[in-house]
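[1] Give me a model of this one.
(one chain, ligands or ions: 2)
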Amino acid sequence: MELDTIASISTPMGEGAIAIVRLSGNEAVEIADKLYKGKHRLSEVASHTINYGHIIDPSTDETIEEVMVAIMRAPRTYTREDIVEINCHGGIMTVNRVLELALTNGARLAEPGEFTKRAFLNGRIDLSQAEATMDFIRSKTDRASRVAMQQIEGRLSVLIKGLRQSILEILAQVEVNIDYPEYDDVEEATSSFLMSEAQKIETSISNLLNTANQGKILREGLSTVIVGKPNVGKSSMLNNLIQDNKAIVTEIAGTTRDVLEEYVNVRGVPLRLVDTAGIRETEDIVEKIGVERSREALKKADLILYVLNNNEVLTEEDYQLAEIIKNEDVIVIINKTDLETKLELEEVKTMVGDAPIVRTSMLSQQGIEELEEQIRTLFFAGEVSNQDMTYVSNARHISLLKHAQTSIQDAINAAQIGVPIDMIQIDLIKTWELLGEVIGESVDDGLIDQLFSQFCLGK
Ligand code: GDP
Ligand code: ZN
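    Numbering: from 1, shown residues only. Ligands and ions are numbered 1, 2, ... in the order given. The predicted structure follows:
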């Protein structure tokens, strides 16, 4: 495929003062050479080398920046095209200047996600790998990165390919039946083979879908709200959680958040402590919760940390709060255990039902470990430590898998009520196609463009 040469600023993961201008395409090296002065011309250096030199403005001969230039020739590159990466350490101004020079000397500004799109179009990666790259770029925690990485390595693809293969085998069996309709036992054997195989496929899809929620949590963080009466220790708990755990910073330059949130990583569970500024400022949280909007926020939360004071008896306010959050995932924290116990544990249990209860003292830093362990247990039931698990976390994949699940279920139901087997074929083929879409094997161009335009610029 003959494509023009594209360029953009591709900011590396993590912090660091270095920014990269990346070019990809047939003329990448040629264009870079026009801007580069070094010991050798870039067109003469070996592939996969890093070269020290300077970027100059060819129209004025002005030196713009001291650089390291990586040369990677096709096909052993991310896009399977020639790639040049100009590593600049100056500020954003010089980086922009270098990009501008690349653009005025023959490159075109890359669209968001265009590098990854080329990797896909040139057959370097399949669609689910491309999407995993996007998720990887956006992922906020170590564990989320690992999940995204696993997808990049094709875990999901392998699984989906296996399921498609099984469907092909069923279809082959169905063909046999259609070819020899006169044999009743073939029909029967086919039908029972179909049902049991289709059931296995359904189970796999359903298992995958069950991981979706965890996948979402891993990427977006568990939206967590801290509630409790004034002075029970909510702010102290928040501060302890933040101090005790690496605060998660968004790694992508230019992403701004308008919602006030704090991210912390609690034993691999990314917590998005929602509107913590509000919690910090609004001491009368009960009054705040009286507002319908706050109730909505509580309903939307994945996790509610409900703080009580060990040094006080339960009050009407505590019961009101408990009533509001009774159907949510709640961890009850009995704080101030360093003070005299006035709170009746049995009464608390009656009030909160089967929500787990943790006793803490934020003052003397007791029970925080137990709280963290409880958070982990509640959401992952120990499963997340199993790194072999394949997650599905991408909204498009989830939607496709749900459809695939419906159509395989249709096939099973039809087989059960004795629908002619060649009719069932249609549902099987549909399932096969839907699964194919997950890995980009039956996607039309429009969808591809839409997908890749979601990518961050420079990837
Ligand atoms: P909030 O209003 O629920 O956010 O409560 P704060 O975190 O602001 O704490 C209210 C007061 O209780 C502060 O003076 C804290 O130092 C104190 N406090 C918080 N946790 C504990 C605890 O575990 N033991 C004791 N004795 N005091 C605490
Ligand atoms: Zn507070």
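[2] can you point me to the longest helix in this protein?
    Counting residues, the longest helix found in the chain (DSSP state H) is helix 184-210.
[3] Remind me what it packs against, helices and strands.
    Other helices and strands packing on helix 184-210, by 3 or more CB pairs under 8 Å, 6 or more residues apart in numbering; DSSP states H and E, are helix 155-179, helix 395-416, helix 421-438. Where you see a C-beta, it was placed from the backbone N, CA and C, and this is true even at glycine.
[4] Take the ones you listed and lay them out in JSON lines including distance to ligand 2.
    Converted to JSON lines, those look like this (distance: least, CB to the ion, whole Å):
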{"stretch": "helix 155-179", "distance to ligand 2": "43"}
{"stretch": "helix 395-416", "distance to ligand 2": "35"}
{"stretch": "helix 421-438", "distance to ligand 2": "45"}
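[5] would you list those in TSV and tack on distance to Val358?
    Formatted as TSV, these follow (distance: least, CB to CB, whole Å):
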stretch	distance to Val358
helix 155-179	35
helix 395-416	33
helix 421-438	40
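[6] among the ones you listed, where is the model least confident on average?
    Mean pLDDT is lowest for helix 155-179 among the helices and strands packed on helix 184-210, at a mean of 82.
[7] and the residue of the stretch 151-300 of the chain found nearest ligand 2, how many neighbours?
    Proximity to ligand 2, evaluated over the stretch 151-300 of the chain using CB to the ion, is greatest for Ser235 at 3.2 Å. Ser235 is flanked by 17 other residues according to other CB atoms under 10 Å.
[8] now swap in Leu371 and tell me
    23.
[9] Ok, Ile417 next?
    Ile417 has 6 nearby residues by other CB under 10 Å.
[10] Distance of it relative to Ala70?
    For Ile417, the distance to Ala70 equals 62 Å [CB to CB, to the nearest Å].
[11] Ile86: what's it in contact with?
    Ile20, Val21, Arg22, Leu23, Ala32, Leu35, Ile55, Val67, Met68, Val69, Val98, Ala102 (CB atoms under 8 Å, 6 or more residues apart in numbering).
[12] Lowest-confidence entry in these?
    Ile20 (84).
[13] Show me what the helix or strand hosting that residue is packed up against.
    Assessed by DSSP states H and E, Ile20 sits inside strand 19-24. Applying 3+ CB pairs under 8 Å, 6+ apart, we find strand 19-24 packed against strand 6-10, strand 83-88, helix 92-104, helix 114-121.
[14] helix or strand right after that strand?
    helix 28-35.
[15] List the buried residues in the following helix or strand past that next one.
    Downstream of helix 28-35, the first helix or strand assigned by DSSP H and E is strand 36-38. Burial within strand 36-38, assessed by neighbour count using 16 or more other CB atoms under 10 Å, is assigned to Tyr36, Gly38.
[16] Which strands or helices does strand 36-38 pack on?
    Partner elements for strand 36-38 (3+ CB pairs under 8 Å, 6+ apart): strand 49-57, strand 62-72.
[17] Which residues of the stretch 351-459 of the chain lie near ligand 1?
    Residues of the stretch 351-459 of the chain lying near ligand 1 by CB under 6 Å from any ligand atom: Ser361, Met362, Leu363.
[18] Can you say which of those are buried?
    Buried, going by 16+ other CB under 10 Å: Ser361, Met362, out of those.
[19] Okay, buried residues for the helix or strand containing the residue of the stretch 151-300 of the chain closest to ligand 2 please.
    Under the criterion of DSSP H and E, Ser235 resides in helix 234-244. Buried residues in helix 234-244, defined by neighbour count with 16+ other CB under 10 Å: Lys234, Ser235, Ser236, Met237, Leu238, Asn240, Leu241, Ile242.
[20] Could you dump those residues into a markdown table and include pLDDT and distance to ligand 1?
    Below are those laid out as a markdown table (pLDDT from 0 to 100; distance: CB to the nearest ligand atom, whole Å):
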| residue | pLDDT | distance to ligand 1 |
| --- | --- | --- |
| Lys234 | 83 | 3 |
| Ser235 | 79 | 3 |
| Ser236 | 83 | 3 |
| Met237 | 87 | 7 |
| Leu238 | 81 | 8 |
| Asn240 | 84 | 9 |
| Leu241 | 83 | 12 |
| Ile242 | 76 | 13 |
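[21] Nearest to ligand 2: which residue in the stretch 301-450 of the chain?
    For the stretch 301-450 of the chain, CB to the ion, closest residue to ligand 2: Val307, 9.7 Å.
[22] What residues does the residue nearest to that residue when sequence neighbours are not counted make contact with?
    Leaving out its chain neighbours, the residue that sits closest to Val307 by CB to CB, 6 or more residues apart in numbering is Gly228, at 3.4 Å. By CB under 8 Å, 6+ apart, the contact list for Gly228 reads Lys234, Ile285, Tyr306, Val307, Leu308, Asn309, Leu321, Ile333.
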